[in-house]
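Asker: Next come a sequence and a model predicted from it.
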Amino acid sequence: MSRLFLVLGFVLIMALYSDATPLAPNPEDCCFNFFTGKIPPKNILEVKRTGSHCSLQGFIVTTPKHTSLCVLEVNGNK
């Protein structure tokens, strides 16, 4: 009987530990190919920075025609 409780205790600890581990980064928040054209500012609906875990940093832009365009940051006149 004590072995049964010992096994159940280990299973409970493993279940609690597995729920506590963080989720893997979402690759949908990263860009691998970038749009190189110009996007008129009036067509931009939303801009979201790529995740910090991504190998290439940029922005995900939403327009009426495209739900996610990846663009690099452009250093313009300050």
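Answerer: Cool, the structure landed.
Asker: Can you report phi and psi for S68?
Answerer: Its backbone dihedrals place S68 at phi -160, psi 110, with angles given as degrees, to the nearest 10.
Asker: typo on my end, G51
Answerer: G51 adopts backbone torsions of phi -60, psi 150, taken as degrees, to the nearest 10.
Asker: can you tell me how far the closest residue to it other than its chain neighbours sits from Q57?
Answerer: Of all residues beyond its chain neighbours, the one nearest G51 is D29 (4.0 Å), with distances taken as Cβ to Cβ, 6 or more residues apart in numbering. Where you see a C-beta, it was placed from the backbone N, CA and C, and this is true even at glycine. Taking Cβ to Cβ, to the nearest Å as the measure, D29 falls 11 Å from Q57.
Asker: Mutual contacts of those two, please.
Answerer: Among the neighbours of D29, those also in contact with Q57 (Cβ atoms under 8 Å, 6 or more residues apart in numbering) are T50.
Asker: quick one, helices of this structure?
Answerer: With DSSP state H applied, the chain shows helices at 2-20, listed in chain order.
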